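*Asks:* here are the coordinates; sequence isn't available:
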Ligand code: FSX
Ligand code: SF4
Ligand code: F3S
């Protein structure tokens, strides 16, 4: 599709959405941003960044900004299952709220166990009525793995002692779009680690509808809010890899855009935490960085308004957005070395490219290891 055609299609979608009334009757998101010291200029800069993230031309920036302003038209139901709540914390727990977190805060969150005031019967009632009232219209976001233990007795929620899996199934049935937020909901997560005593499963196990996976333990606020914006803009499923991760966010490996990549290519590795190499920002591969096997955008987008990310802070990536990272990527501070990690098997091309690149990586590491051994004074 030509860009001009796409632009017109997205504009008409936003026009139609604008005509519907806001679910939240308090202030519009622009006023909330202003009150929090976000100028129009900052907001448009942020929208420009999101536009680039979606691989759209800069001329689409005003559309992305409009989509952000229309987040109050969208009912969202957010369920918690077995997890640490880090995904919600990633968005909400910040002393200097980011534009992403302010927007998320403003979305019409009809149900979110961590932030809502209601509890017990009232909370259960709110969930049931939101599902009924917005049937077919709401976005469902689920955080956490879902125990499907032999007696389904490992996770109960609310005053009725309902199984988590029942909550998830009921909410999925009426949802317009479903997002698995975090690695737990996408792939099972740490509670699914061997021997997986609660038989924790990903959300996709409990519904036949398409589930968009937004993994990361936790995912960045950009990837969470980006998915909501993408849905408002397009109203369709984004292009996904074979693990149902949106390619706009998970299409590249951490290693591809890592600031230490030059060190990797030059064979300059940290050999031990705290050594000279660590002080000089050398590559963390030999102390366990799994960036070459991990598909996510942390090295480009970072966390907390682009402040930092694991590798910048001095620890290797542990592969937290990959399926089974908890069992297969460890030990976290040792290289995978000759163990083969089956990363994406997206489409045939991505698969071949991925495997080819990993092979080159292994060869490059071997060559670098030989060079560094030669360089070492005896
Ligand atoms: Fe925690 Fe979310 Fe990890 Fe899981 O994030 S940060 S355990 S992905 O479900 O709360
Ligand atoms: Fe960066 Fe890790 Fe790749 Fe080294 S191995 S360049 S630290 S992603
Ligand atoms: Fe996770 Fe690696 Fe990013 S550990 S947060 S995918 S750098």
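*Replies:* Ah, there it is. Computed from a prediction, not measured in an experiment: that's the story for all the values here. Ligands and ions are numbered 1, 2, ... in the order given.

*Asks:* mind listing what the residue nearest to residue 318 when sequence neighbours are not counted touches?
*Replies:* Here the nearest residue to residue 318 in space, its sequence neighbours aside, is residue 332; by CB to CB, 6 or more residues apart in numbering that works out to 4.7 Å. Every C-beta, even on glycine, is put in place using the N, C-alpha and C of the backbone. Shown here is residue 332, whose contacts under the criterion CB atoms under 8 Å, 6 or more residues apart in numbering are 288, 290, 316, 318.

*Asks:* Could you grab the helix/strand/coil label for residue 332?
*Replies:* Secondary structure state of residue 332, per DSSP: H, G, I helix; E, B strand; the rest coil, is coil.

*Asks:* before we move on, back to that, can you lay out the contacts of residue 332 as TSV showing secondary structure?
*Replies:* Rendered in TSV, the data for those read as follows (three-state DSSP):
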residue	secondary structure
288	coil
290	coil
316	coil
318	coil
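
*Asks:* wait, which of those is closest to ligand 2?
*Replies:* Among those, residue 316 lies closest to ligand 2 (CB to the nearest ligand atom), at 5.5 Å.

*Asks:* Around the nearest residue to the closest one once chain neighbours are set aside, how many other residues sit close by?
*Replies:* Nearest residue to residue 316 in three dimensions, chain neighbours excluded: residue 289, at 2.8 Å (CB to CB, 6+ apart). Residues within reach of residue 289, counting by other CB atoms under 10 Å, total 29.

*Asks:* ditto for residue 58
*Replies:* Residue crowding around residue 58 was assessed by other CB under 10 Å; the count is 9.

*Asks:* can you check residue 64 too?
*Replies:* Residue neighbour count, defined by other CB under 10 Å, stands at 27 for residue 64.

*Asks:* ok, residues contacting the helix or strand encompassing it?
*Replies:* Per DSSP states H and E: residue 64 is located in helix 61-69. The contact list for helix 61-69, computed with CB under 8 Å, 6+ apart, reads 7, 10-11, 14, 18, 28-30, 43-44, 47-48, 50-51, 54, 56, 103, 229, 232-233.

*Asks:* Which ChimeraX command selects the buried ones in those residues?
*Replies:* Those of the contacts of helix 61-69 that count as buried under 16 or more other CB atoms under 10 Å are selected in ChimeraX with:
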select :7,10,14,29,43,47,48,50,51,54,56,103,229,232,233
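
*Asks:* Which of the contacts of helix 61-69 fall within helices?
*Replies:* The subset of the contacts of helix 61-69 located in helices under the criterion DSSP state H comprises 7, 10-11, 14, 18, 29-30, 43-44, 47-48, 50-51, 103, 229, 232-233.

*Asks:* First-to-last residue distance for stretch 48-61?
*Replies:* End-to-end distance of stretch 48-61 (CA to CA, to the nearest Å): 5 Å.

*Asks:* How about stretch 289-303?
*Replies:* The separation between the terminal residues of stretch 289-303, taken as CA to CA, is 18 Å.

*Asks:* Briefly note if it comes near ligand 1.
*Replies:* No. Using CB under 6 Å from any ligand atom, we find that stretch 289-303 stays clear of ligand 1, coming within 11.9 Å at best.

*Asks:* So is that stretch next to ligand 2?
*Replies:* Yes. With CB under 6 Å from any ligand atom as the measure, stretch 289-303 is seen reaching ligand 2 through 289, 291, 292.

*Asks:* Go through those and say which is closest to residue 116.
*Replies:* Taking CB to CB as the measure, residue 116 sits nearest to residue 291 out of the residues of stretch 289-303 next to ligand 2, at 37.2 Å.

*Asks:* hang on, the earlier thing: double-check the residue nearest to residue 316 against residue 314; I have them as touching.
*Replies:* No. Between residue 289 and residue 314 no contact is recorded; they are 10.7 Å apart, counting by CB atoms under 8 Å.

*Asks:* how does the chain divide into domains?
*Replies:* Described in terms of automatic domain parsing, the domain architecture of the chain consists of the residue ranges 3-249, 254-375.

*Asks:* Now tabulate those in TSV and tack on mean pLDDT.
*Replies:* What follows is the domains of the chain, written out as TSV (pLDDT from 0 to 100):
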stretch	mean pLDDT
domain 3-249	91
domain 254-375	80
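
*Asks:* out of the ones you listed, nearest to ligand 3?
*Replies:* With CB to the nearest ligand atom as the criterion, ligand 3 lies closest to domain 254-375 of the domains of the chain, at 3.1 Å.

*Asks:* Understood, closing this out.
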